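Novice: below are the sequence and a predicted model; questions follow.
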Amino acid sequence: MLTIRQSTEADLAPMLAIINDAAQAYRGVIPADRWHEPYMSAADLSAEATAGGIAFWVAEQDERLMGLIGIQSKGDVALVRHAYVASNTQRSGVGTRLLRHVLSLATRPVLIGTWAAASWAIDFYRRNGFTVVSEDEKNRLLRAYWSIPERQVETSVVLADARWMHQAAESGLRMVVAEWDHAMEGNDADKIGRYMADDWIIIGSDGIVSGKQEFLGFVRSGVLRHDVMESHDMDVRVYGDAAVVVARGISGGAFHGRPFYLTERASSVFVRRAGEWLCVSTHLSLMSGGGA
């Protein structure tokens, strides 16, 4: 029967053998300047297991190690490190069991780094609910949470679990709303339009519906001017590539020469297209005592 337990010092030798056996799959696949023999030394593994802060877990059957996986706490995330299964027991569910075990222990979002050329590893993590992050985000994460050479940063990918993806999407949306508010205060129609889908509509607190081009036309002509645009008390809800953002909005300026200062409940629907969040609709409701 397969059991999963935390590793001991006595496991280091068979763990090292599994790592260097399984890593043969990288030979001729990853960049030649990243390959070395052995792939991991005994000293490096020992350092990772002691001073490196990585908690290793092993899969064992009939007193023989079948695979290993490490998990490392790094501030607000956990990193899966050194996940390997012996080559003669791969595709038998050992890797999945190990991964699910450490994920059950994680109390924070989980990130995994691997070689960009290791398509089989990327496919495995994708099947287990992970998503490859963007190139820019990958570079930022590898430099923030890993201690690896720049060449390895260039030739790696990072995958994130659903918790991290959700938090990243929520954080990204908050930033988009803040930037959109700033563009509104600058009365820059081109910048304002960058945050709107082409079919964006706005339903004002007076019930009037306007489209993107009409709204931006008001801005360009000076008919609509904002001196104040702020979003407070944001509630962000992400549903894959769609999201709803509800906020208490404060806006001030002039429309057709008539000054206004309003406090409204703003409900906006965003969709993610080509990695960018775009607003498709905004609905404004005047809050009690919200001005005129």
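Specialist: Looks like it arrived, so ask away.

Novice: show me where this protein has its helices.
Specialist: Listed in chain order, the helices of the chain (DSSP state H) span 12-22, 42-49, 94-105, 119-127, 135-145, 150-154, 162-186, 189-193, 212-221.

Novice: now those in JSON lines, with distance to Leu2 and mean neighbour count?
Specialist: For every residue, glycine as well, the C-beta is placed using N, CA and C. Putting the helices of the chain into JSON lines (distance: least, CB to CB, whole Å; neighbours: other CB atoms under 10 Å) gives the following:
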{"stretch": "helix 12-22", "distance to Leu2": "15", "mean neighbour count": "18"}
{"stretch": "helix 42-49", "distance to Leu2": "22", "mean neighbour count": "15"}
{"stretch": "helix 94-105", "distance to Leu2": "7", "mean neighbour count": "17"}
{"stretch": "helix 119-127", "distance to Leu2": "18", "mean neighbour count": "15"}
{"stretch": "helix 135-145", "distance to Leu2": "30", "mean neighbour count": "15"}
{"stretch": "helix 150-154", "distance to Leu2": "32", "mean neighbour count": "13"}
{"stretch": "helix 162-186", "distance to Leu2": "26", "mean neighbour count": "17"}
{"stretch": "helix 189-193", "distance to Leu2": "57", "mean neighbour count": "16"}
{"stretch": "helix 212-221", "distance to Leu2": "57", "mean neighbour count": "15"}
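
Novice: pipe those helices into a markdown table and attach mean pLDDT per row.
Specialist: Formatted as a markdown table, these follow (pLDDT from 0 to 100):
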| stretch | mean pLDDT |
| --- | --- |
| helix 12-22 | 97 |
| helix 42-49 | 93 |
| helix 94-105 | 97 |
| helix 119-127 | 97 |
| helix 135-145 | 96 |
| helix 150-154 | 96 |
| helix 162-186 | 96 |
| helix 189-193 | 98 |
| helix 212-221 | 98 |
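
Novice: output the ones you listed in TSV, with distance to Arg64 appended to each entry.
Specialist: Below are the helices of the chain laid out as TSV (distance: least, CB to CB, whole Å):
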stretch	distance to Arg64
helix 12-22	8
helix 42-49	18
helix 94-105	12
helix 119-127	22
helix 135-145	33
helix 150-154	32
helix 162-186	34
helix 189-193	62
helix 212-221	64
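
Novice: give me the number of residues near the nearest residue to Asp76 once chain neighbours are set aside?
Specialist: Closest residue to Asp76 apart from its sequence neighbours, by CB to CB, 6 or more residues apart in numbering: Arg108 at 6.0 Å. Residues near Arg108, counting by other CB atoms under 10 Å, number 15.

Novice: and the gap between Arg108 and Asp188?
Specialist: 39 Å (CB to CB, to the nearest Å).

Novice: try His226
Specialist: 10 Å.

Novice: who has more neighbours, these two?
Specialist: Neighbour tally, His226 and Asp188, criterion other CB under 10 Å: the higher count belongs to His226, 19 against 14.

Novice: can you get me a residue count around the closest residue to the more buried one other than its chain neighbours?
Specialist: Distances taken as CB to CB, 6+ apart place Gly253 nearest to His226, at 4.1 Å, with adjacent residues excluded. Counted by other CB under 10 Å, the residues lying close to Gly253 total 18.

Novice: tell me how far Gly253 lies from Met66.
Specialist: With distances taken as CB to CB, Gly253 is found 67 Å from Met66.

Novice: ok so, going back, quick check: bridge partners of the residue nearest to His226?
Specialist: Taking DSSP bridges as the rule, Gly253 bridges to His226, Phe260.

Novice: closest to the centroid, which residue in the chain?
Specialist: Met165 (3.6 Å; CA atoms, centre = their mean).
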